[in-house]
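Visitor: need a 3D model of the sequence below.
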Amino acid sequence: MNKSFKTLIGAFAALAITATTALAADITGAGSSFVFPIVSKWAAAYKGSSGVGLNYASIGSGGGIAQIKAKTVTFGATDKPLTSKELAASGLTQFPVVIGGIVPVVNIRGVAPGQLTLDGTTLAGIFSGKISRWDDAAIKKLNPGINLPGQPIAVVHRSDGSGTTFQFATYLSRVSAEWKNTVGADTAIDWPVGIGAKGNEGIAGNVAQISGSIGYVEYAYAKQNHLSYTKMINKDGKAVEPTVEAFRAAAANADWTNAAKSDFYVLFLDNPGAATWPITATTFVLMYKNPGDAAASTDALKFFKWGFEKGDKLALSLDYVPLPDNAVKAIEASWKGIQASGM
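Guide: The predicted structure follows:
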């Protein structure tokens, strides 16, 4: 074998290794910023153990739905579940990933995390602009021990298509008939007041910078950005803090077997129970039942299987609640409907 031929063989071998590496890293996802912190943690750990990479774009649930429908990613992620009719029309299936809490966050001088208490009606009044100052009687009534400033409230909301917005606005619709009738709930709504920001990241950044502001983010963003979250009065009239236990309590009575029959369309908003966090949510992964790239689809399912089986500690470290075993069993059974899943 001459030297030039050996060189050529070596070049082909190197190319094969490069191609294999590219294929191994060819899981792509986009959507929910709610779930971005844990997907990032899982992806780093999974690549370390499997060599398979994941590229996930935190662009909001609306973007995730659009990208999976455009077939530009292996999976989309949305905090707004799609109905069975919507899924069938696009040839998609969906399943939940982890459970977390959406929390109001504030920037009020002298107010520490968990010190301010709000209820659903008051929160709806703030985001509708009916309650416009921090020393409003409704807020003072809930917080008699706090010296609240006579400062205008600066509302920060999502500007992009957001499943976090859908969950938050759906909660407000459940506790306020006025909100339901005048604003409603969807991934994008006509906000009565406030400034828009992109992603949970954008809201967290704006609230951190704007004195007198209030926004809503997934709890991991509140902790990572050292924001002052509020307590909430839940359906049972109890003031609760956002904790793993409170998120778990909100989802405790989910009937996962029946949820599987309705394509896992589940909401955990304003659930009863003394310990429940009232704005608890989950993120849903969207995938094609007949994927164009079967190998990438199989790799994605292997990634989520790993997350369900070995990612619990990482989820808890970010204050997400891992799905219970009966939910995981129902989800993995549903994967049989994805062609060539190899699972």
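
Visitor: break the protein into its domains for me.
Guide: 3-99+254-265+283-337, 102-251 (automatic domain parsing).

Visitor: direction included, what does the longest strand anywhere in the chain pair against?
Guide: Using DSSP state E, we find that the single longest strand of the chain is strand 92-107. If you go by DSSP bridges, strand 92-107 pairs up with strand 213-218 (antiparallel), strand 228-229 (antiparallel), strand 279-288 (antiparallel), strand 321-322 (antiparallel).

Visitor: select, out of the domains of the chain, the one closest to Trp277.
Guide: Smallest distance to Trp277 across the domains of the chain (CB to CB): 3.7 Å, for domain 102-251. Yep, even glycine has a C-beta here, placed from its N, CA and C like the rest.

Visitor: how distant is that closest one from the center of its chain?
Guide: Relative to its parent chain, domain 102-251 has a centroid offset of 16 Å by CA atoms, centre = their mean, to the nearest Å.

Visitor: flag the shaky bits of the stretch 151-300 of the chain, pLDDT-wise.
Guide: By pLDDT under 70, the stretch 151-300 of the chain has no low-scoring segment.

Visitor: of all the strands paired with strand 92-107, which lies closest to Pro149?
Guide: Here strand 213-218 is closest among those (CB to CB), at 12.7 Å.

Visitor: check what contacts that closest one and list those residues.
Guide: With CB atoms under 8 Å, 6 or more residues apart in numbering as the test, strand 213-218 has contacts from 33-35, 37, 100-107, 126, 153-157, 164, 168, 197, 200, 203-204, 206-207, 227, 279.

Visitor: so can I have CSV of the domains of the chain showing distance to Ala275 and mean neighbour count?
Guide: Shown next, in CSV, are the domains of the chain (distance: least, CB to CB, whole Å; neighbours: other CB atoms under 10 Å):
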stretch, distance to Ala275, mean neighbour count
domain 3-99+254-265+283-337, 13, 18
domain 102-251, 4, 20
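
Visitor: the helices in the stretch 151-300 of the chain, which residues?
Guide: 163-175, 177-182, 199-209, 219-224, 244-251, 256-261, 294-310 (DSSP state H, counting those that start in this stretch).

Visitor: returning to that earlier point: could I get the strands paired with strand 92-107 as CSV with distance to Gln67?
Guide: Formatted as CSV, the strands paired with strand 92-107 follow (distance: least, CB to CB, whole Å):
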stretch, distance to Gln67
strand 213-218, 20
strand 228-229, 31
strand 279-288, 9
strand 321-322, 26
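
Visitor: to Pro272, which of the domains of the chain lies closest?
Guide: domain 102-251 (5.0 Å).

Visitor: quick one: terminal-to-terminal distance for the closest one?
Guide: 14 Å (CA to CA, to the nearest Å).

Visitor: could you do stretch 246-264 as well?
Guide: Span of stretch 246-264 from end to end, CA to CA: 21 Å.

Visitor: who touches that stretch?
Guide: 81-84, 87, 93-96, 99-101, 219, 240, 265-266, 268, 271, 273, 275-278, 280, 282, 284, 319-321, 324, 326-327, 330-331, 333-334.

Visitor: give me the distance from that stretch to the chain's centre.
Guide: Distance, centroid of stretch 246-264 to centroid of chain: 16 Å (CA atoms, centre = their mean).

Visitor: check the gap between the nearest residue to Tyr320 once chain neighbours are set aside and Lys261 for me.
Guide: Among residues not flanking Tyr320 along the chain, Val98 sits closest, at 4.3 Å (CB to CB, 6 or more residues apart in numbering). As judged by CB to CB, to the nearest Å, Val98 and Lys261 stand 22 Å apart.
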